[in-house]
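# I would like the atomic coordinates for the input below:
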Amino acid sequence: MPKSPYYAPTGGLPPQTQLLTDRAMFTTAYAVIPKGTMSDIVTSNLPFWEATRAWVLARPLSGFAETFSQYIMEVSPGGGSTKPETDPDAQGVIFAVDGTLTLTIAGVAHELTPGGYAYLPPGCDWRMQNKSDAAARFHWVRKRYQTVSGIETPEAFVTDASAATTISMPGTDDKWQTTRFVDPGDMRHDMHVNIVTFQPGAVIPFAETHVMEHGLYVLEGKAVYRLNQDWVEVEAGDFMWLRAFCPQACYAGGPGPFRYLLYKDVNRHMPLG
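Just a heads-up that it's a prediction; the model follows:
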């Protein structure tokens, strides 16, 4: 199988000689979790998952980002789950980044390789297995679905990044693009998980300041990212976690594309209590 274009952690521990200085930070407006912090000793085990461990990148925190959780799941050969989701109100997005996985939805099997994407509505009958002879890794984004009277719950679907719709931001000469897996006008969906790509030298030319919470996992490349009042260097494997209204901007430094997986909450009124 060809090498994945996306970065995925493999664990391990740093040597005793390594300096402690790193780019990890947690502020009142944002957090940065560098790839170097994703070692063996910070993994979690989950109920009903066999031969599987998770790096928890984000979880709801009161007063911070409250809408979603995000894991990187590492499934060893023969591992997986026949009862992966224990919350009947939780919806999920799967994005494969390494290896080969078998995702079964309502009895129909789908093979996921890097770039494979699945949306799983609340109450979905799904299971995940690694039938290959090598470890496989995927992102799992979870959010409690916000039902609205008169709007149907979306159905499950499986696709791939290569088959999704990619649009360019106006006036950027295709240097800033978003790969969308869900139509932004589809009110059934209350979260989007997209891929954003910047070519070298491309920028977000203003400080975006908005109500949507974000999880940004860097799949490829490097950049400097503006987070609140700080410019932070980030690279493939790093995770940025932004609370609502945290100002953000970006400058992609090259030499190759800068690409990240982006979560945001959308299409719903603001809860009033």
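# name the helices or strands packed onto the helix or strand where Val56 lies?
Assigned by DSSP states H and E, Val56 belongs to strand 50-58. Strand 50-58 sits against strand 68-81, strand 214-220, strand 239-242, with contacts defined as 3 or more C-beta pairs under 8 Å, 6 or more residues apart in numbering; DSSP states H and E. All C-beta atoms are positioned from the backbone trio N, CA, C, and that covers glycine.
# what stretches of this structure score poorly on pLDDT?
The chain contains residues with pLDDT under 70 at 1-2.
# can we see that at 50?
Nowhere does the chain drop to pLDDT under 50.
# so what's Glu74 bridging to?
Counting by DSSP bridges, Glu74 is bridged to Arg53, Arg137.
# what residues are up against it?
Counting by C-beta atoms under 8 Å, 6 or more residues apart in numbering, Glu74 touches 9-11, 43, 52-55, 135-137.
# Next, work out how far apart it and Gln229 are.
To Gln229, Glu74 is 35 Å away according to C-beta to C-beta, to the nearest Å.
# in the strand holding Val56, what's buried?
Across strand 50-58, burial judged by 16 or more other C-beta atoms under 10 Å covers 52-55, 57-58.
# could you give the angle of it to strand 68-81?
Here strand 50-58 runs at an angle of 170 degrees relative to strand 68-81 (axes from the mean of the first three to the mean of the last three C-alpha atoms, to 10 degrees).
# Export strand 50-58 to PDB, keeping only CA atoms.
Only the C-alpha atoms of strand 50-58 are listed here, as PDB (Å, rounded to 0.1, in the frame of the first residue of the first chain):
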ATOM      1  CA  GLU A  50     -10.200  -4.400  21.500                       C
ATOM      2  CA  ALA A  51      -6.500  -4.000  20.600                       C
ATOM      3  CA  THR A  52      -7.200  -0.200  20.300                       C
ATOM      4  CA  ARG A  53      -5.900   2.900  21.900                       C
ATOM      5  CA  ALA A  54      -6.900   6.600  21.500                       C
ATOM      6  CA  TRP A  55      -5.200   9.900  21.700                       C
ATOM      7  CA  VAL A  56      -7.800  12.300  23.000                       C
ATOM      8  CA  LEU A  57      -7.300  15.700  21.300                       C
ATOM      9  CA  ALA A  58     -10.400  17.500  22.500                       C
END
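# For it, give me every contacting residue.
Contacting residues not belonging to strand 50-58 are listed as 9, 11, 33, 38, 42-46, 65, 68-81, 130, 140, 215, 217, 239, 241 [C-beta under 8 Å, 6+ apart].
# Which ChimeraX command selects the buried ones in the residues you listed?
Buried residues within the contacts of strand 50-58, by 16+ other C-beta under 10 Å, are selected in ChimeraX with:
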select :9,33,38,43,46,65,68,69,70,71,72,73,74,75,79,80,81,130,140,215,217,239,241
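# Not counting sequence-adjacent ones, nearest residue to Thr166?
Leaving out its chain neighbours, the residue that sits closest to Thr166 by C-beta to C-beta, 6 or more residues apart in numbering is Thr179, at 4.6 Å.
# contacting residues for that neighbour?
161, 164-166, 194-197.
# Figure out which of the helices and strands packed on strand 50-58 is closest to Leu20.
strand 239-242 (19.4 Å; C-beta to C-beta).
# Paired strands for that closest one, with orientation please.
Strand 239-242 is paired, per DSSP bridges, with strand 30-33 (antiparallel), strand 214-220 (antiparallel).
# next structured bit after the longest one?
This means strand 214-220. Following strand 214-220 in sequence, per DSSP H and E, is strand 222-227.
# okay, the angle between that following strand and strand 214-220?
Using the same axes, to 10 degrees: strand 222-227 against strand 214-220 is 170 degrees.
# Touching strand 222-227 from outside, list them.
Taking C-beta under 8 Å, 6+ apart as the rule, strand 222-227 contacts 27, 29-30, 32, 198, 204, 207, 216, 231-236, 240, 242, 246-253, 258.
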